[in-house]
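Undergrad: no sequence for this one, just the structure:
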């Protein structure tokens, strides 16, 4: 009878009848209270989203599988200290971590969440040593920035070893199954008189399945890293402009659209019987790969390419929510309001309890400049899963847009508590300190972000802006050169380089840089205003007036209109009669 009940419990779990599995397993444990049955009941509770019930029945159990399930229950309830104690008891330092590679992986995640980066990396490496196909452990190493080359980790030698282990294991299991089948068939048919068909069903699944880990996030970029947020996930509310000392991004670049940056063949035909399996396999390979490529372009701030790959991935698997928060940010930066709105509605209809859905909704309102409503939606995402660093960062961006810098700093720091390498949170802190004119702090935080993502031209540019504010002009100029080389289509470093050259009184060089910028962004009023200022310094007054006029014709924001008009009116005044403040405002 016990064997029959165990089989029915497994059958219910296999068919996602979790409540039925819990009921049957509770009856099973009432009649046969062996610890293996208690483990099965805990598994049912975890599948049914009842970690507190699994915690209660497993507390004090000593078998390795019980310790692992208890640790998983604690992890689900955010009781990280108890989870660690279950996996690695303090009073038994030599005891093995239960469940092999998955146990080491879980312990590594606990270490990462509690800020012990080196210990976490050791556990993930150990997990990969035991099971090279534990991709989640490799992802965690990537998040920590210590992953080895994927070609080394997933080499042919590793594949050969796994194949040998699989062959050996399958032979043992086959032998055990034959012996077990002989024993069970004689006993069960004698006791219950079951038909051969019923006996075959009863033996269908004899090993307990353990529920999977909760999904562990990264930005951004997963970006994300991450995200993590980024420039790639720096993505969301465009930074509010600051008129003070020209430190923040030029106000007139606010409305700048994102700048831009299948092979065929006749393969031998496969047997038709394998075509559906091949199509299904290609679907999942392509979807996962496309999202990774899309996130990579996102972190390089190449939003058009990122949009292309994310859109393909979403078409292949429209109900997969992973990475859709990043995709929504891509659409935000491309000003694709209609597509972003459709994506947000689609994600909410699929799963209202997913943080990705509410991040997309928040980005919709952020694009409409409704920062308060956007903030509420991002806070909803944080409530649903406080371990999503990107959601914290998006909240920080909204507070920054509302000029609530105190709360903005708190949210960025919360993101870094979840993921210390979430570079877009470091970037966000740098922007806040830049606006507050705390230039040394800004330089420190931009440099930390740049160390994590050294390929981002935007991070290079902001670091250069902080250096320029600190009067370290040569270093700033060098950083702007790197930013331009990293992405020649990014207008911001060209504009900032011209500003630095202007400060160094290298007027011809500054004009040359602005002429090159004109090829990329010919309709930016801030560029023409700066050209007008340079021509005035060179005493070419007719060209100065002409450039100021073009800047006004391009309909800049109201605050900038007053500044440009003031500069235009004072073109013919000698420099010594002009206010320094007026001269610096352009």
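TA: That came through fine. None of these values were measured; they are calculated from a predicted model. Residues are numbered from 1 along each chain as shown.
Undergrad: what sits against residue 555?
TA: residue 525 (C-beta atoms under 8 Å, 6 or more residues apart in numbering). In short, each C-beta sits where N, CA and C put it, glycine included.
Undergrad: what's the separation between it and residue 561?
TA: Applying C-beta to C-beta, to the nearest Å, the value for residue 555 to residue 561 is 8 Å.
Undergrad: what ranges does the stretch 301-450 of the chain have for its helices?
TA: 303-316, 324-333, 337-350, 355-367, 371-384, 389-401, 405-418, 423-435, 439-452 (DSSP state H, counting those that start in this stretch).
Undergrad: residue 55 is nearest to which of those helices?
TA: Minimum separation from residue 55 across the helices of the stretch 301-450 of the chain (C-beta to C-beta) falls at helix 371-384, 21.7 Å.
Undergrad: so what's the residue count around the residue nearest to residue 538 when sequence neighbours are not counted?
TA: Spatial nearest neighbour of residue 538, chain neighbours left out: residue 507 (5.5 Å); criterion: C-beta to C-beta, 6 or more residues apart in numbering. Close neighbours of residue 507, defined as other C-beta atoms under 10 Å, add up to 16.
Undergrad: likewise residue 290?
TA: When neighbours are counted by other C-beta under 10 Å, residue 290 registers 21.
Undergrad: and it, helix, strand or coil?
TA: Using DSSP: H, G, I helix; E, B strand; the rest coil, the secondary structure recorded for residue 290 is helix.
Undergrad: need the pLDDT of it.
TA: Turning to residue 290, the model gives it a pLDDT of 87.
Undergrad: doesn't residue 307 make contact with it?
TA: No: look at residue 290 against residue 307 with C-beta atoms under 8 Å: they stay out of range, at 11.6 Å.
Undergrad: about what we covered before: show the contacting residues for the residue nearest to residue 538.
TA: Residue 507 neighbours (C-beta under 8 Å, 6+ apart): 501, 534, 537, 538.
Undergrad: count the neighbours of the last one for me.
TA: Residue 538 is flanked by 13 other residues according to other C-beta under 10 Å.
Undergrad: with the second one instead?
TA: The number of residues packed near residue 534 is 22, by other C-beta under 10 Å.
Undergrad: touching, it and residue 511? I think so.
TA: Yes: between residue 534 and residue 511 there is a contact at 5.6 Å, judged by C-beta under 8 Å.
Undergrad: show me what counts as buried in the host helix or strand of residue 20.
TA: Secondary structure from DSSP states H and E places residue 20 in helix 18-31. When burial is assessed from 16 or more other C-beta atoms under 10 Å, helix 18-31 yields the following buried residues: 18, 20, 21, 22, 24, 25, 28, 29.
Undergrad: and which of these is nearest residue 481?
TA: Among the buried residues of helix 18-31, and counting by C-beta to C-beta, the member closest to residue 481 is residue 18, at 59.2 Å.
Undergrad: do you know the pLDDT at the closest one?
TA: In this model, residue 18 is scored at 94, pLDDT.
Undergrad: against residue 350, how distant is it?
TA: 20 Å.
Undergrad: do residue 371 as well
TA: With distances taken as C-beta to C-beta, residue 371 is found 26 Å from residue 350.
Undergrad: who's more crowded, these two?
TA: Counted by other C-beta under 10 Å, residue 371 and residue 350 do not tie: residue 371 has more neighbours, with 22 against 15.
Undergrad: now for that one: which residues touch it?
TA: For residue 371, the contacting residues are 237, 365, 398, 401, 402, by C-beta under 8 Å, 6+ apart.
Undergrad: max pairwise distance over those: which two?
TA: Maximum distance among those (C-beta to C-beta): 12.6 Å, for 365 and 402.
Undergrad: between these two, which is the more surrounded one?
TA: Higher neighbour count among residue 365 and residue 402: residue 365, with 20 against 16, using other C-beta under 10 Å.
Undergrad: which pLDDT value belongs to that one?
TA: Reading off the model, residue 365 has pLDDT 96.
Undergrad: is it in contact with residue 359, as I believe?
TA: No: the criterion here is C-beta under 8 Å, and residue 365 misses it with residue 359 at 11.3 Å.
Undergrad: helices or strands up against the helix or strand following the helix holding residue 20?
TA: Counting by DSSP H and E, the element after helix 18-31 in chain order, helix or strand, is helix 35-47. Applying 3 or more C-beta pairs under 8 Å, 6 or more residues apart in numbering; DSSP states H and E, one finds that helix 35-47 makes contact with helix 2-14, helix 18-31, helix 51-58, helix 64-76.
Undergrad: okay, those in a markdown table with distance to residue 102 next?
TA: As requested, the helices and strands packed on helix 35-47 are exported to a markdown table (distance: least, C-beta to C-beta, whole Å):
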| stretch | distance to residue 102 |
| --- | --- |
| helix 2-14 | 18 |
| helix 18-31 | 21 |
| helix 51-58 | 16 |
| helix 64-76 | 7 |
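Undergrad: quick check: closest non-adjacent residue to residue 340.
TA: Going by C-beta to C-beta, 6+ apart, residue 340 has residue 331 as its nearest residue, at 4.1 Å.
Undergrad: so where's the protein uncertain?
TA: Where the chain drops to pLDDT under 70, the residues are 149-166, 168-288, 574-586.
Undergrad: show me how it divides into domains.
TA: Using automatic domain parsing, the domain parsing of the chain gives 2-202, 217-260+284-440.
Undergrad: point out the most buried one among these.
TA: With neighbours defined as mean count of other C-beta atoms under 10 Å, those peak in mean count at domain 217-260+284-440, which reaches a mean of 22.
Undergrad: ok, the residue nearest to residue 340 - contacts?
TA: Contacts of residue 331 (C-beta under 8 Å, 6+ apart): 307, 339, 340, 343, 363.
Undergrad: show me which positions of stretch 560-571 end up buried.
TA: Buried residues in stretch 560-571 (16+ other C-beta under 10 Å): 560, 563, 564, 567, 568, 570, 571.
Undergrad: where helices are concerned, which of the residues you listed count?
TA: Residues from the buried residues of stretch 560-571 lying in helices, with DSSP state H as the criterion: 560, 563, 564, 567, 568.
Undergrad: nearest spatial neighbour of the last one, skipping sequence neighbours?
TA: Excluding its sequence neighbours, the residue lying closest to residue 568 (C-beta to C-beta, 6+ apart) is residue 548, at 4.1 Å.
Undergrad: is it correct that the one you found is in contact with residue 564?
TA: Yes: counting by C-beta under 8 Å, residue 548 touches residue 564, with 5.7 Å between them.
Undergrad: what do the two both touch?
TA: 529, 532.
Undergrad: count the neighbours of the nearest residue to residue 554 once chain neighbours are set aside for me.
TA: Leaving aside its sequence neighbours, residue 554 sits nearest to residue 525 (C-beta to C-beta, 6+ apart; 3.9 Å). Using other C-beta under 10 Å, residue 525 is surrounded by 24 other residues.
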